[in-house]
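A.B. asks: let me see the structure of the following:
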Amino acid sequence: MTAQGIAIDGASNAAEEQPVEGIKPGIWVGGPLAAAYRREYLTLSGVKWAGAIGAIIWMLVYGSGWVEWTGFLALYIMNMLGISLGYHRLFAHRAFKTSQAMEYILGAMAAMVAVGSVIKWSIDHRRHHRYTDRPGDAHSPFTTALASR
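C.D. replies: Predicted coordinates:
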């Protein structure tokens, strides 16, 4: 594998690259695309953590009342329904059918969680189920270990 990374989808970045054993088609290992993907998720996580820390500091400095807690609870429920029903059950697994308007609502509620687009999230989640704890699992540190070879 070269420093350019490898795309195991029939086309590679350089002629001398060979597929990595155990990696399935469509998986990016190492290279600039894998690094950009990690940066995106780290940025999204950083924004969420910064917001949470900022909210705690705000609460300690200015206090909180029923308005803040009601807003927190309403947005928390919307985010959890958006991720669990929308991104996970509806878009990733197609576990149920609903109207197009409800698909948009669930997608928008999940997008507020800042975990990436519905397409990217669904692809990662389907890959996670298909390759659990094997090379290609988006949630496995094993893929990161392969990228450092």
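
A.B. asks: mind listing what's buried along whichever helix or strand His125 is part of?
C.D. replies: For His125, the element it lies in under DSSP states H and E is helix 118-130. For helix 118-130, the neighbour count (16 or more other CB atoms under 10 Å) marks 118, 121-122, 124-125, 127-128 as buried. Where C-beta positions appear, they are placed from N, C-alpha and C, glycine not excepted.

A.B. asks: make a markdown table out of these and add distance to Met78 and pLDDT.
C.D. replies: Shown next, in a markdown table, are these (distance: CB to CB, whole Å; pLDDT from 0 to 100):
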| residue | distance to Met78 | pLDDT |
| --- | --- | --- |
| Val118 | 16 | 87 |
| Trp121 | 17 | 84 |
| Ser122 | 19 | 85 |
| Asp124 | 22 | 80 |
| His125 | 20 | 83 |
| Arg127 | 27 | 78 |
| His128 | 24 | 79 |
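
A.B. asks: closest one to Thr98 out of the residues you listed, please.
C.D. replies: Val118 (14.0 Å; CB to CB).

A.B. asks: ok, Ala55 to Thr70 distance?
C.D. replies: In this view, Ala55 and Thr70 are 14 Å apart by CB to CB, to the nearest Å.

A.B. asks: these two: which is more packed in?
C.D. replies: Each of Ala55 and Thr70 has its neighbours counted (other CB atoms under 10 Å); Ala55 has more, 13 against 10.

A.B. asks: so that one, which of the three states?
C.D. replies: helix (DSSP: H, G, I helix; E, B strand; the rest coil).

A.B. asks: tell me the pLDDT of it.
C.D. replies: As predicted, Ala55 sits at a pLDDT of 89.

A.B. asks: mind checking what secondary structure Gly116 has?
C.D. replies: Under the three-state scheme (three-state DSSP), the conformation of Gly116 reads as coil.

A.B. asks: same check on Thr132?
C.D. replies: coil.
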